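Enquirer: Build the 3D model from these lines:
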Amino acid sequence: MQTTVKNLEVSRLVSKVLFSHFKENRSQSDISKSLDLSPAKVNRIIRQAREEGLVEIILNIPHIGVMELEKELVTNTGLSKAVLCPSYSEPASSSVIQIASVAAEFLQDTLRKNDVICISGGKALASIVEVIKPSKGMNITVLPATGGVQGRHFTDVNYLASKLAEKLDGESMQIHAPLFADTQSERDLLINMRATKEVLDMARHADIALAGIGAVAKGDESYFDLRHWAKNEKSLVAESQCRGEVFAHIFDQDGMGCIEALNNKLVGLTLEELSNIPVSIGVAAGADKVAPITGALRGGFLNTLITDELTAKHVLDMY
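Expert: Here you go, the predicted structure:
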């Protein structure tokens, strides 16, 4: 009987402490005075209550599901960082702007003084450069990670490197060579030219890489606007197992390079070189980007992903 009474007293004391702290929002020091307990004992009661499951904390904060999804992506895919924006039933153009804004904010939070950043070309990068906030005194260097594309001025990597450096009050360099050479031997010649080699060597040792993740499954994506195609080349890609591209290197759903005859004509960093950059960021969203993102994560050449909530869910389902 004495034991039962004692247990009841302890139980009531624990209940009083927990109710006072979590329901009445009273401080631990206030509770210790009112119940004539030492502050250490009040703290111990609250800590043990958490450990024994007597306390459950429910956070009714905006986008808690998004943050949980970010953690799930990191845990399941080996990413170092996942940054997601909520998915809303808005026009696709609004989603692009939203993701670009998130990517721009993440980039500026990540950048440190004197950092070197290398980038790809493309629409995603153009959107990020457009919305990034100007900053001063960072001494950032922005480099193209690939050669350029004629006729695509506002999404060309050299133009974007220049504009991003301007926004960041830094400096940029350019690669005066095409993204695709006509042959592998021509490509080897181009990347070993002193002017090109100097920029690519700096890009290989960049602190941050920022790239769009493209799709290639249908044959009408942006990748197919990057060069003049020989007869049957375009259909060869569309009919293959290739699903995505980063730095214009095409890869399948498992992150393995495919149609190496095309990849070997590229003037730029390889996917292996990309994976060696400390912070390698991929940006993409949408149903058509699920397989490319999955392949990029399986290939391990990106350690940071910026996308939206719905795309991330589909990537986890496929991964």
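
Enquirer: What ranges does this structure have for its strands?
Expert: Ranges of strands in the chain, per DSSP state E, are 81-85, 116-119, 141-144, 171-172, 208-212, 214-215, 242-246, 249-252, 279-283, 304-308.

Enquirer: mind putting those in a markdown table, mean neighbour count, distance to residue 261 and mean pLDDT included?
Expert: C-beta here means a position set from N, CA and C on the backbone, and glycine is covered the same way. Formatted as a markdown table, the strands of the chain follow (neighbours: other Cβ atoms under 10 Å; distance: least, Cβ to Cβ, whole Å; pLDDT from 0 to 100):
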| stretch | mean neighbour count | distance to residue 261 | mean pLDDT |
| --- | --- | --- | --- |
| strand 81-85 | 21 | 34 | 94 |
| strand 116-119 | 26 | 25 | 98 |
| strand 141-144 | 26 | 23 | 98 |
| strand 171-172 | 18 | 32 | 97 |
| strand 208-212 | 27 | 22 | 97 |
| strand 214-215 | 24 | 19 | 94 |
| strand 242-246 | 27 | 12 | 94 |
| strand 249-252 | 23 | 11 | 95 |
| strand 279-283 | 25 | 25 | 98 |
| strand 304-308 | 25 | 29 | 96 |
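
Enquirer: Ok, which of those comes nearest residue 297?
Expert: Proximity to residue 297, assessed across the strands of the chain by Cβ to Cβ, is greatest for strand 304-308 (7.0 Å).

Enquirer: elements contacting the closest one?
Expert: strand 81-85, helix 92-110, strand 279-283, helix 290-299 (3 or more Cβ pairs under 8 Å, 6 or more residues apart in numbering; DSSP states H and E).

Enquirer: May I have it as PDB, with CA atoms only?
Expert: Provided in PDB are the C-alpha atoms of strand 304-308 (Å, rounded to 0.1, in the frame of the first residue of the first chain):
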ATOM      1  CA  THR A 304      23.300  19.000 -53.200                       C
ATOM      2  CA  LEU A 305      19.800  19.100 -54.800                       C
ATOM      3  CA  ILE A 306      17.400  22.000 -55.200                       C
ATOM      4  CA  THR A 307      14.000  21.100 -56.400                       C
ATOM      5  CA  ASP A 308      10.300  21.200 -55.300                       C
END
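
Enquirer: Give me the contact list for that strand.
Expert: Applying Cβ atoms under 8 Å, 6 or more residues apart in numbering, the contact partners of strand 304-308 are 73, 79-87, 95, 98-99, 102-103, 106, 279-285, 289, 293, 297, 312, 315.

Enquirer: can you check stretch 29-41 too?
Expert: Outside stretch 29-41, the residues that touch it by Cβ under 8 Å, 6+ apart are 13, 16, 17, 20, 21, 26, 28, 42.

Enquirer: coming back round to it: between the helices and strands packed on strand 304-308, which has the poorest mean confidence score?
Expert: With a mean of 86, helix 92-110 has the lowest mean pLDDT of those.

Enquirer: For that one, list every residue counted as buried.
Expert: The neighbour-count check on helix 92-110 (16 or more other Cβ atoms under 10 Å) flags 95-96, 98-107, 110 as buried.

Enquirer: Pull the contacting residues for the nearest residue to residue 55 once chain neighbours are set aside.
Expert: Among residues not flanking residue 55 along the chain, residue 49 sits closest, at 4.9 Å (Cβ to Cβ, 6 or more residues apart in numbering). Applying Cβ under 8 Å, 6+ apart to residue 49 gives the contacts 14, 17, 18, 55.

Enquirer: Include pLDDT and neighbour count when you put these into TSV, please.
Expert: Listed next are the contacts of residue 49 as TSV, based on pLDDT from 0 to 100; neighbours: other Cβ atoms under 10 Å:
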residue	pLDDT	neighbour count
14	84	16
17	87	23
18	85	17
55	78	14
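
Enquirer: List just the nearest of the residues you listed to residue 238.
Expert: Minimum distance to residue 238 across those is 56.3 Å, recorded for residue 55 (Cβ to Cβ).

Enquirer: residues in contact with the closest one?
Expert: Contacts of residue 55 were listed using Cβ under 8 Å, 6+ apart, and they are 18, 22, 46, 49.

Enquirer: Quick check: pLDDT value at the last one.
Expert: Reading off the confidence values, residue 49 has pLDDT 85.

Enquirer: got TSV for the strands of the chain, with distance to residue 198 too?
Expert: Conversion of those to TSV gives the following (distance: least, Cβ to Cβ, whole Å):
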stretch	distance to residue 198
strand 81-85	30
strand 116-119	13
strand 141-144	10
strand 171-172	13
strand 208-212	18
strand 214-215	27
strand 242-246	23
strand 249-252	22
strand 279-283	21
strand 304-308	27
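
Enquirer: Go through these and name the closest to residue 184.
Expert: Closest to residue 184 of the strands of the chain is strand 249-252 (Cβ to Cβ; 13.9 Å).

Enquirer: what residue ranges in the stretch 51-200 of the chain are flagged as low confidence?
Expert: In the predicted model, the stretch 51-200 of the chain carries pLDDT under 70 at residues 57-64, 88-94.

Enquirer: so what's residue 275 closest to, chain neighbours aside?
Expert: Nearest residue to residue 275 in three dimensions, chain neighbours excluded: residue 301, at 4.0 Å (Cβ to Cβ, 6+ apart).
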